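Trainee: Generate coordinates for the sequence data below:
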Amino acid sequence: MIEVSSALMFDDFKKNKHVWDFDVDNNQVIVKNKKEEELQMLESGTYDIEITDNKITIESTPYDYYFSNDRLDLGYQVASDGPRLIFVRK
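Mentor: Below is the predicted model of the structure:
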């Protein structure tokens with residue numbers, strides 16, 4: 001993850017501070033956070049995901065997603081100050 005934002009916060013992350021490995025074959029995301037980071041969207045661990053044509057559901061939160069310029073963009077109720085997460089490949 002390189003960026004997270006909402007109306008209440010905005011933070012840029014350096015590569016490899018928050019690593020989310022999406023394992024689509026097993027419907028899981030593996031989250032690895034550096035311990036010194038205070039802001040974490042999810043604790044380090046493995047989470048089940050469900051992927052449909054336009055949503056990725058993680059921990060019962062249905063994120064809209066799209067790909068743009070080699071980035072994965074996830075958003076949940078962004079127009080209402082919900083979180084927006086942007087990922088790049090390693």
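
Trainee: Only C-alpha atoms from now on, for both contacts and neighbour counts.
Mentor: Fine.

Trainee: Which residues are in contact with the closest residue to residue 19 other than its chain neighbours?
Mentor: Excluding the flanking residues, the one nearest residue 19 by Cα to Cα, 6 or more residues apart in numbering is residue 32, at 5.0 Å. For residue 32, the contact set (Cα atoms under 8 Å, 6 or more residues apart in numbering) comprises 18-20, 43-45.

Trainee: ditto for residue 71
Mentor: Counted by Cα under 8 Å, 6+ apart, residue 71 has contacts 86-89.

Trainee: How about residues contacting stretch 43-50?
Mentor: Here stretch 43-50 has contacts from 27-33, 56-59, using Cα under 8 Å, 6+ apart.

Trainee: Same list (the contacts of residue 32) but as a markdown table, adding distance to residue 73, neighbour count and pLDDT.
Mentor: Compiled in a markdown table, the contacts of residue 32 are given as follows (distance: Cα to Cα, whole Å; neighbours: other Cα atoms under 10 Å; pLDDT from 0 to 100):
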| residue | distance to residue 73 | neighbour count | pLDDT |
| --- | --- | --- | --- |
| 18 | 15 | 24 | 78 |
| 19 | 14 | 20 | 85 |
| 20 | 13 | 21 | 88 |
| 43 | 19 | 13 | 86 |
| 44 | 20 | 16 | 88 |
| 45 | 21 | 11 | 93 |
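
Trainee: so which of the residues you listed comes closest to residue 51?
Mentor: Proximity of these to residue 51 (Cα to Cα) peaks at residue 20, which lies at 15.3 Å.

Trainee: For the closest one, give me phi and psi.
Mentor: phi -120, psi 110 (degrees, to the nearest 10).

Trainee: Filter the contacts of stretch 43-50 down to the buried ones and hand me the ChimeraX line.
Mentor: One line in ChimeraX is enough to select the buried members of the contacts of stretch 43-50, burial here meaning 16 or more other Cα atoms under 10 Å:
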select :28,29,31,32,33,56,57,58
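
Trainee: Done for today, thanks.
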